[in-house]
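In: Sequence isn't available, so here's the structure alone:
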RNA sequence: GGAGAAAUGGCAGAGUGGUCGAAUGCGGCAGUCUUGAAAACUGUUGAGGGUCACACCUCCGGGGGUUCGAAUCCCUCUUUCUCCGCCA
């Protein structure tokens, strides 16, 4: 959520930056400023009314103490109108504050100046590419065929137990999955991230804190009985660790990592591009999350990008990095880099990581602050990224490492899997 | 799931209707003293809104109510603790 004082003082900038998302925000921003002014003027009026009745109440208290009951009763009679006025004003204030809040919830983060204009993934900017795309033998298969051939992932079984998008991993497939998770967590903790095991269900306040709620309920599974949501990413419980928190400046930066299953409804997705592991309702992911000083968040973002690069290079997977355009950058993010691994058998790039700086957008919702050098509470910056998402990495490994007589296991994973080949 | 108790500032812990935003202790910060440190002493020390700055307003787990006036009384929700039941 953007900060109202910032909007007030940087109106032109906000409008211009939001246009990177193809949003014409002029009317919205004007409304924010008008509603905020309205809210403040009602607040002032209410404050004055309350101040008056407070002082009368004190006077009454004093009169009762000194036994002047008659005089007290005279004053009591005067409070009726004030009470009525403050009641009305409170209602008006709440109404104005609610409208303002509702409007602010609809405004996405303003993109970083480096974010390219654009609406679709075609406008994303490739900023880096690494690794050779392997030449596969003539009978090379896409991963869903390989999964069947080597009996390591059973999509039909998942279909039977739950439904589409809930695959069952088995044998060496399950072991490889577990190896990847452990490998990622080890790499992340080596890089200084503290490992956490987090809840997979979150409450409404947490969903609001990171920006999934309100309005984007559609992407999450909702347990209505208890009003809890299945997490779409560890970002939600992981970042909400710091909701309503005032940190010391010396506590920064904070880096945490966690493995969680992720659940996404992905309503409306269908077709060939969601085949196999390409898009699932339940998948595994290892996430890294950072809380940073505002002056250091962009160098931290670069650090996270380099960290993810390192993992992909260790796995020897061909990948590229995209700077997402305004239209493709998620609601809460100011700048996002996507990592894509080349799926050789499908002849397409698959997103395996998304690394973002949210600046103060989440912190403002979360009330995540630190005490700065002046002793003032200041909003921190939050960042997160996948390091890494499992299914498409698995797809990439299966496809890129396939040979005529089996699938090789990347060198760095062998100590985790205990086998060299599937 | 049943019965009972509790929720106050960074922490501990007073406060049961009227200058209580809240005693006191610890912790933090600043100062005095000291070559320096410790100890001791003095001062200071929550958050949000509002203002050029004051004033002023709100917040004692959340929400609602009673009252001229609520940390204090009532209702409700949540959480924690104790006992019982159940259980990886």
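Out: That came through fine. Bear in mind the structure is a predicted one, so any value in this text is a computation, not a measurement.
In: Outline the domain layout of chain A.
Out: Domain assignment for chain A by automatic domain parsing gives A:4-106, A:121-417.
In: Worst mean pLDDT among those domains?
Out: If those are sorted by mean pLDDT, domain A:4-106 sits at the bottom with a mean of 88.
In: quick check, that domain touching RNA strand B?
Out: Yes. Counting by Cβ under 7 Å from any atom of the strand, contacts between domain A:4-106 and RNA strand B involve A:40, A:43-44, A:46-48, A:50-51, A:53-58, A:60-61, A:64-65, A:76, A:79, A:83. Placement of C-beta: from N, CA and C, glycine included.
In: can you tell me which of those are in helices?
Out: Among the residues of domain A:4-106 next to RNA strand B, the members found in helices (DSSP state H) are A:40, A:43-44, A:46-48, A:50-51, A:53-58, A:60-61, A:64-65, A:76, A:79, A:83.
In: If any of these are buried, put those into a ChimeraX selection.
Out: Selection of buried members from those for ChimeraX, criterion 16 or more other Cβ atoms under 10 Å:
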select /A:46,53,60
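In: ok, now which ones touch the closest residue to residue A:346 other than its chain neighbours?
Out: Closest residue to residue A:346 apart from its sequence neighbours, by Cβ to Cβ, 6 or more residues apart in numbering: residue A:142 at 5.3 Å. Residues near residue A:142 by Cβ atoms under 8 Å, 6 or more residues apart in numbering: A:275-276, A:343, A:345-346, A:399.
In: in the stretch 301-422 of chain A, which spans are helices?
Out: A:361-366, A:390-400, A:414-417 (DSSP state H, counting those that start in this stretch).
In: got it, and the stretch 1-150 of chain A?
Out: Secondary structure of the stretch 1-150 of chain A by DSSP H, counting those that start in this stretch: the helices cover A:4-9, A:11-18, A:26-65, A:69-106, A:143-149.
In: and the fourth one with helix A:26-65, angle?
Out: What that stands for is helix A:69-106. Here helix A:69-106 runs at an angle of 160 degrees relative to helix A:26-65 (axes from the mean of the first three to the mean of the last three Cα atoms, to 10 degrees).
In: If you count contacts, what does helix A:69-106 end up packed against?
Out: Packing contacts for helix A:69-106, counted by 3 or more Cβ pairs under 8 Å, 6 or more residues apart in numbering; DSSP states H and E, involve helix A:26-65.
In: residues from the stretch 151-300 of chain A in reach of RNA strand B?
Out: residue A:246.
In: Name the residue of the stretch 101-250 of chain A that lies nearest to RNA strand B.
Out: Nearest residue of the stretch 101-250 of chain A to RNA strand B: residue A:246, at 6.6 Å (Cβ to the nearest atom of the strand).
In: What strands line up against the helix or strand hosting that residue, and which way round?
Out: In this structure, residue A:246 sits in strand A:245-248 according to DSSP states H and E. When pairs are called by DSSP bridges, strand A:245-248 turns out to pair with strand A:368-371 (parallel).
In: surely residue A:354 meets residue A:388?
Out: No. Using Cβ atoms under 8 Å, residue A:354 makes no contact with residue A:388, being 10.1 Å away.
In: quick one, which of those two is more surrounded?
Out: residue A:388 (27 against 21; other Cβ atoms under 10 Å).
In: so who does the more buried one touch?
Out: Going by Cβ under 8 Å, 6+ apart, residue A:388 touches A:180, A:184, A:285-286, A:308, A:311-312, A:339, A:352-353.
In: Same check on residue A:110?
Out: Going by Cβ under 8 Å, 6+ apart, residue A:110 touches A:2, A:13-14, A:17-18, A:334.
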